[in-house]
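Asks: Turn this into a structure:
(one chain, ligands or ions: 1)
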Amino acid sequence: MIKISSLLGNTQHLDGGAMFGHVPKALWSNWLQPDDNNCVRLECRALLIEDDNKRILLETGIGAFFSPELKKRYGVSPEHHVLLDSLQNLGLTHKDIDVVILSHLHFDHAGGLLTGYQEGHKSSLLFPNARYLLSLEAFIRAKAPHLRDKASFIPELTALLDASGRMELIEGNHSAALGAKYTFHFSHGHTPGLMLTEISTEQGPLIFAADLIPGVAWLHSPITMGYDRFPEQVVDEKESLLEYIVENEGRLFYTHDPKITLSKVVRDEKGRFSASELLNEVTRIE
Ligand SMILES: [Zn+2]
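Replies: The predicted model follows:
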């Protein structure tokens, strides 16, 4: 029996145009309401699984490591590390986590690994008792990013993870630390080695959709982000993941959707995918 919870982290506000790639504002502004700066509010949700005696955290959100200047640039709010509060609400601290799974190391997914900003102090790694799982390819990319996505990584993070001695770099579909209940899918269109975790539950497969499908608006296959390196590849990878979800009556967990935590997926007669059985903001999933 596993217990699954959704944990809110800090929110970010990113340019709506950048989040929707080639989609005109006349269309995307119907899906997410922009503010006066043309930015849309995005959650950075994490997923907590309490499986027997093991606590597994899928991602850590953006956290609070940015300086006040960068917090302002990316519209990060509030100032303090919200994920730590969300853990506390469940009677836990970051020290109670046994495994942290990271889909990739972009700052809005991995920044929460770090302590909150303190002037004159370097950030250090939280989760001192956890193994950090991520794909080998994502780690290689984070160490040597392309100029185009360099700003999305945290320069000091890879050295900190390496020095922890607690990193497990994943190359196959399973991890020795987690066993057969957890399967990894890979996608490379957003960033090389994006790792999507599938959890086998009594209600069918549950997949952490990370940045392949950041929210329900991106379920429609042609919709990609300006941040994706190869949008056409994203579309193809998304289609095959969505087919898998529909076939297996699975569910998707959305890290960035401002309202929806989880949904099932249906495909209509035209082949278009959309969300069904949407679950609004909720902590306890099952
Ligand atoms: Zn990303």
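Asks: Give me the secondary structure label for Thr183.
Replies: Counting by DSSP: H, G, I helix; E, B strand; the rest coil, the backbone at Thr183 sits in strand.
Asks: Can you list the residue ranges for strands in this structure?
Replies: Taking DSSP state E as the criterion, the chain carries its strands at 2-7, 12-15, 39-42, 46-51, 54-58, 99-101, 131-135, 167-170, 182-187, 194-201, 204-208, 251-253, 260-267, 273-280.
Asks: pLDDT averaged over the last one, what's the number?
Replies: So the one you mean is strand 273-280. Average pLDDT, strand 273-280: 94.
Asks: what does the chain have sitting close to the ion?
Replies: Within the chain, the positions near the ion by CB under 5 Å from the ion are His106, Asp211. In this view, the C-beta of every residue, glycine as well, is placed from N, C-alpha and C.
Asks: Could you pick out the longest helix of the chain?
Replies: Determined from DSSP state H, the single longest helix within the chain is helix 231-247.
Asks: could I get stretch 101-116 in CSV with only the CA atoms?
Replies: C-alpha atoms of stretch 101-116 as CSV (Å, rounded to 0.1, in the frame of the first residue of the first chain):
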residue,chain,number,x,y,z
ILE,A,101,14.0,11.7,-8.3
LEU,A,102,14.8,14.5,-10.7
SER,A,103,13.4,14.5,-14.2
HIS,A,104,16.2,16.9,-15.2
LEU,A,105,18.2,19.7,-13.6
HIS,A,106,16.5,22.9,-14.9
PHE,A,107,16.3,25.3,-12.0
ASP,A,108,12.5,25.2,-11.7
HIS,A,109,12.7,21.4,-11.0
ALA,A,110,15.9,21.1,-9.0
GLY,A,111,16.4,24.5,-7.3
GLY,A,112,14.5,23.2,-4.3
LEU,A,113,17.4,20.8,-3.6
LEU,A,114,19.2,23.9,-2.3
THR,A,115,18.9,25.9,0.9
GLY,A,116,17.2,29.2,0.6
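Asks: Now do it: distance to the chain's middle.
Replies: Centre-to-centre, stretch 101-116 and its host chain are 9 Å apart (CA atoms, centre = their mean, to the nearest Å).
Asks: again, but for stretch 28-40
Replies: Taking CA atoms, centre = their mean, one finds the center of stretch 28-40 at 21 Å from the center of the full chain.
Asks: can you check stretch 180-187 too?
Replies: On the basis of CA atoms, centre = their mean, stretch 180-187 sits 15 Å off its chain's mean C-alpha point.
Asks: Likewise for stretch 71-83?
Replies: 16 Å.
Asks: which residues are contacting it?
Replies: 7-14, 39, 41, 46, 60-64, 66, 68, 70, 108, 112, 115-117 (CB atoms under 8 Å, 6 or more residues apart in numbering).
Asks: Tell me the buried residues in that stretch?
Replies: Residues Lys71, Tyr74, Gly75, Val76, His81, Val82, Leu83 are the ones in stretch 71-83 that count as buried (16 or more other CB atoms under 10 Å).
Asks: Including distance to Leu92 and pLDDT, could those residues go into TSV?
Replies: Listed next are these as TSV, based on distance: CB to CB, whole Å; pLDDT from 0 to 100:
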residue	distance to Leu92	pLDDT
Lys71	25	97
Tyr74	27	96
Gly75	28	96
Val76	23	97
His81	14	98
Val82	14	98
Leu83	11	98
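Asks: Would you show me how to pick out the buried ones of the contacts of stretch 71-83 in PyMOL?
Replies: Only the buried entries of the contacts of stretch 71-83 go into this PyMOL selection, using 16+ other CB under 10 Å:
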select buried, resi 7+8+9+10+11+12+13+14+39+41+46+60+61+62+63+64+66+108+112+115+116+117
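Asks: The residue lying closest to His185 once chain neighbours are set aside: neighbour count?
Replies: Leaving aside its sequence neighbours, His185 sits nearest to Leu196 (CB to CB, 6 or more residues apart in numbering; 4.3 Å). Applying other CB atoms under 10 Å, we find 24 residues neighbouring Leu196.
Asks: Just the pLDDT for Leu196.
Replies: So, for Leu196, pLDDT stands at 98.
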